[in-house]
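>>> model this:
(3 chains)
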Amino acid sequence: MGGDLTLTSVTKRFGAFTAVDDLDLRVPEGSFFALLGPSGCGKTTTLRMVAGLDEPTTGTVLLGDTDITRLKPYKRPVNTVFQSYALFPHLTVADNVAFGLKRRGRRKIDDEVAEMLALVELQQLAKRRPGQLSGGQQQRVALARALINQPEVLLLDEPLGALDLKLRRQMQIELKRIQTEVGLTFVHVTHDQEEAMTMADTVAVMNEGRIEQLGPPEELYESPATTFVANFLGQSNLVAGSVTGTSGDLVHVEVHGARVFAGRSRSRVTEGDVWAGVRPEKVYLAGPGEEAADEVNSLRGGVVSDVSFVGVSTQYLVRMAWDQELTVFEQNTGARKRFRPGDQVDLHWRPEHTFLLDATQDAAAGVEREPV
Amino acid sequence: MSGVAWRGRAWLGDHLVLLLGLLVLLYMFLPIFVVVLMSFNDQSSRNSYTFDGFTLANWTDICAPYQLCESLGTSLQIGLLATVLATLLGTLMAFAMVRHRFRGRSSANLFIFLPMATPEIVLGSSLLALFVNAGLAGVLGFWTIFVAHVLFCLSFVVVTVKARLAGLDPRLEQAAADLYANEWQTFWRVSFPLVFPGILAAALLSFSLSFDDFIITNLNAGQEVTFPMFVWGAAQRGIPPQINVIGTVMFLVAMTVVLVGELSRRRRAAR
Amino acid sequence: MSAAGHVPSLGPTEAQLTGRPDPASRRSGWSGYLLLLPGGLWLLLFFVVPTVTLMATSLYDPAGSLQTGYAMTGHWQNYVEALGDYAPQFVRSLVYALLATVACIVLGFPLAYAIAFKAGRWKNLMLVAVIAPFFTSFLVRTLSWQYILGDNEALVGFLRSIHVLAPDGYLLATPFAVVTGLTYNFLPFMVLPLYASLEKLDPRLIEAGADLYASPVTTFRTVTLPLAMPGLVAGTLLTFIPSAGDYINSELLGNPRTRMIGNEIQDLFGAGDYPTAASLSVTLMAAIVVLVFVYVRRAGTEELL
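This is a model prediction of the structure:
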């Protein structure tokens, strides 16, 4: 086999519930691919269909040119690092790692197992049982147990979900290193946007069984295609407006009496009602009337309603005349003035940082993420 | 002085429940002490159930009372056979209930639970009514007892194995399938070893239920005599002390099984 | 990137959050039925069919006998006669079973509570101790009570000396002895479910009760007891049902005036009066079903909420 992983028109229903809805997806061979989305968006179900643990209701799953849609999980060259690991509690670490090779009838595998344990730095724990290992060590065993089979595709289902923050960081870097080293296709499922952006070459944002947007992390972040992506991946200020015209590369938008501009490449719509969006860290604050250059977008007449100091930056909430609260992050470089609650401020940002989204969408989509 | 009294009261308040619990345990063990004591009783007359003197004779001559050892043999045979079949059928049912999806699961659950909620006398009389109506009154004996014992053990096996299976993460079986184990290998390499303690517990429970049953057995036994039936008969005529020897041995065997199980569990945990 | 920073997600699984069953933890198809089939057949043949047969037998013409056979005449008068003749035994069975159940709760609760919260590292040992006596034959243990409660033994002597019993008073062959035996025999069936419920109870809840100005008694009534309710309900059923049907304790520890319904059913079957015996059996089952139903509803709607 070998080659790209391709899902074509895949739908999965559980009774009346549609978990995955007519999904098309292509994961290039050798890439680190992340499926990102909130709980219940269908990302885990998608992964399980690739693993063979769930069967699509309709659609096909191809690996290279081979149709693996109805293939039993144990006949696929695909292995999984399960959420919370699913290590066999009655087997030693070494036996856990050797499990897949033994099932395929391989003999004399001790060296291979030892090598794999060395790769994840667990040689000295080979004789222990999973129950005696820490979370991070269990995570490595799960990884080794899957990797030793040299699958065409390695599936990772929230593999770092059970680890604490520091260990997650460490494992993120390590997973990335191992992926580069072994050159396998990794498909990584997570609801943690930062984890997805840190590790993956390509991120697909899923919502309600569909893919909202797919691309490199930077593209998704800077140029979100939907309000869901704009809100789920980082934070966004979305302001209602309507397009008044275009000039060259710029789209003109009227926003609550002010005129702002947006780059055409980041405008999903170029006429009618729109959501004009800008990321909080792209905005800077100034006192009333200051810094009003022509090529800058400005929204004036805000009042600072809340200030939180978080070390690297200061986060402001600014209440606008139309009673919307906008968010602004300012780096604590020390060069800029700090504002206090009640201060009058204007908001400025560069036109190319504006993105325009279809106004028929819910501006709050993707905001209410699971309690974190 | 008052400090000591206060501390005494505090200690009592803290340990009162434990003391009460231990007293209740003592109540539960009281008959066991009597059974062990009476196994060494040098009984002076068949009709007196008092401790008359110490002897080892009962232990060296267990089979002396007429039919005692035959009845014991019958009970052991039925116990073993019923345990094997009930454990097998019950384990299959438990797997179906926990690992498979099908219509009527909740009615199946109720159906399995009902025999446990039926008084033994009703269960026994139903079976007797069936056997008699089917014209089998003449064959009441070993095999009708066996049928009855499998029946009442079955529900207990399902419940015990189900509890163990429900605690088993289904992802372990999925992980095995993901790692190239087919259904058969997954069962024998992963599911079975992990559920085995539950199956073993179910088998032990079945055996002790079967070995100890009197009410249902008595109705369906015909001319066959199991150990509890022998004890029942003896109780009407005068109790031979050997019965207490058997009781003591049963207790010791059970304690050994439990202790060995606990020790091996600790050793595995320590490894 | 969001400066709100990264928050670790030690979260429940997707299935838990969405309240949807983990999709692939259960396989569908025929294999489930196949696994159920042998055991299900056994239950059908030897539980359902017999129950129906028992009901039919209870309506047979009592004029028949085992030798001549019975005629199915829908003779419902069997029930009238049986209830007329055996009402006292019925009432006695239910009263004894009720007394034994209450005694089991009184004795079982402190024991279960002690095992769950006070036993520390002795927990496992105490649990084994609860079950251990039951590996010795039920009958042999009940016979021990004949000895313990005997007229010439220490217990009666002591009770006489402290004037709890009259100088010629006795314990054996009294209702007290029967209820003692029933309580003793079914106590573990109360202790184990109670323990299972209590063990799940977070001791911090009791501390929280105390922290919120509840006295130990109030805490017990408002926190511990409601949370132990599932175990209490299960334990009550597991002690009441077998007690109501038992006749061993009545036979070995009682006298002719402590006979319970089980004694009569057994004797009637022994004497070959199948229709009467069957109608008593069916009535007992029906009475238990009704009582259990009422009890579970009450426990479920009033005490649990």
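
>>> tell me the SS of residue C:264?
helix (DSSP: H, G, I helix; E, B strand; the rest coil).

>>> Centroid-nearest residue for chain B?
residue B:208 (2.6 Å; C-alpha atoms, centre = their mean).

>>> Please identify the helix or strand for that residue.
Counting by DSSP states H and E, the element that carries residue B:208 is helix B:192-212.

>>> Next one: that helix, is it in contact with chain C?
Yes - against chain C, helix B:192-212 shows contacts by C-beta under 8 Å from any C-beta of the partner chain at B:208, B:211-212. (C-beta placed from N, C-alpha, C; glycine too.)

>>> returning to what we had before: spit out the contact partners of the residue nearest to the centre of chain B.
B:254, C:134-135 (C-beta atoms under 8 Å, 6 or more residues apart in numbering or on different chains).

>>> what about residue 124, how many neighbours?
You didn't say which chain, so I picked chain A. The number of residues packed around residue A:124, counting by other C-beta atoms under 10 Å in any protein chain shown, is 9.

>>> Switch to chain C, please.
For residue C:124, using other C-beta under 10 Å, the count is 14.

>>> what about it, which helix or strand?
In this structure, residue C:124 sits in helix C:123-131 according to DSSP H and E.

>>> Buried residues in that helix, which are they?
C:123, C:126-127, C:129-131 (16 or more other C-beta atoms under 10 Å in any protein chain shown).

>>> Which members of those are the farthest-apart pair?
The most widely separated members of the buried residues of helix C:123-131, counting by C-beta to C-beta, are C:123 and C:131 (13.3 Å).

>>> thinking again about what came up before, model confidence at the residue nearest to the centre of chain B, what's the number?
At residue B:208, the model reports a pLDDT of 89.

>>> how close does it sit to residue C:162?
Shown here: residue B:208 relative to residue C:162, a distance of 39 Å by C-beta to C-beta, to the nearest Å.

>>> Then residue C:184?
When residue C:184 is compared with residue C:162 (using C-beta to C-beta), they lie 23 Å apart.

>>> Among the two, which residue is more densely surrounded?
Comparing residue C:184 with residue C:162 by neighbour count (other C-beta under 10 Å), the higher total belongs to residue C:184, at 25 against 7.

>>> how about the more buried one, secondary structure?
At residue C:184 the chain is in helix, as set by three-state DSSP.

>>> Give me the pLDDT for it.
For residue C:184, the model assigns a pLDDT of 95.

>>> Please apply the same query to residue C:304.
Per-residue confidence (pLDDT) for residue C:304: 36.

>>> Can you get me a residue count around the residue of the stretch 151-300 of chain C found nearest chain A?
In the stretch 151-300 of chain C, no residue comes nearer to chain A than residue C:199, which is 20.6 Å away by C-beta to the nearest C-beta. If you count neighbours by other C-beta under 10 Å, residue C:199 ends up with 14.

>>> residue contacts, it?
residue C:116.

>>> pLDDT at the residue nearest to residue C:173 when sequence neighbours are not counted, what is it?
Sequence neighbours aside, residue C:255 is the residue nearest to residue C:173 in space, at 4.2 Å (criterion: C-beta to C-beta, 6 or more residues apart in numbering or on different chains). Residue C:255 carries a pLDDT value of 91.

>>> got it, and residue B:237?
We note a pLDDT of 82 for residue B:237 in this prediction.

>>> ok, now how distant is it from chain A?
According to C-beta to the nearest C-beta, to the nearest Å, residue B:237 and chain A sit 52 Å apart.

>>> ditto for residue C:46
From residue C:46 to chain A the distance is 36 Å (C-beta to the nearest C-beta).

>>> Setting the sequence-adjacent residues aside, check what's closest to that residue.
Nearest to residue C:46 is residue B:151, by C-beta to C-beta, 6+ apart, at 4.6 Å.

>>> same deal with residue A:290?
residue A:346 (7.0 Å).

>>> just checking, what packs against the helix or strand where the one you found lies?
Element membership for residue A:346, per DSSP H and E: strand A:344-349. Under the contact definition 3 or more C-beta pairs under 8 Å, 6 or more residues apart in numbering or on different chains; DSSP states H and E, strand A:344-349 sits against strand A:284-286, strand A:297-309, strand A:313-319.

>>> Residues contacting that strand, please?
Contacts for strand A:344-349 (C-beta under 8 Å, 6+ apart): A:278, A:282-292, A:296-304, A:316, A:318, A:326, A:328, A:339.

>>> following that strand, which helix or strand comes up?
Next in sequence after strand A:344-349, counting helices and strands by DSSP H and E, comes strand A:355-358.

>>> follow-up on the earlier one: for the residue nearest to residue A:290, give me the pLDDT.
At residue A:346, pLDDT is 92.

>>> Chain C contacts on chain A?
Counting by C-beta under 8 Å from any C-beta, the residues of chain A lying close to chain C are A:14, A:17, A:19, A:39-40, A:44-45, A:48, A:53-54, A:83-84, A:161-165, A:168, A:191-192, A:194-195, A:197, A:221, A:234-235, A:281, A:310, A:312-313, A:315, A:329, A:370, A:372.

>>> Same list, the residues you listed, but only the ones touching chain B.
Residues of the residues of chain A next to chain C in contact with chain B (C-beta under 8 Å from any C-beta): A:53, A:83-84.

>>> Please name the bridge partners of the residue nearest to residue A:290.
Beta-bridge partners for residue A:346, by DSSP bridges, are residue A:286.

>>> ok, now how distant is it from residue A:319?
For residue A:346, the distance to residue A:319 - C-beta to C-beta - is 13 Å.

>>> coming back round to it: which one of the helices and strands packed on strand A:344-349 lies nearest to residue C:250?
Judging the helices and strands packed on strand A:344-349 by C-beta to C-beta, what sits closest to residue C:250 is strand A:297-309, at 76.3 Å.

>>> for the closest one, packing partners?
strand A:258-263, strand A:313-319, strand A:325-331, strand A:344-349.

>>> if we go to 7 Å?
strand A:258-263, strand A:313-319, strand A:344-349 (3 or more C-beta pairs under 7 Å, 6 or more residues apart in numbering or on different chains; DSSP states H and E).

>>> Walk me through the regions of the stretch 201-305 of chain C where pLDDT falls short of the threshold, as ranges.
Within the stretch 201-305 of chain C, the ranges that satisfy pLDDT under 70 run C:300-305.
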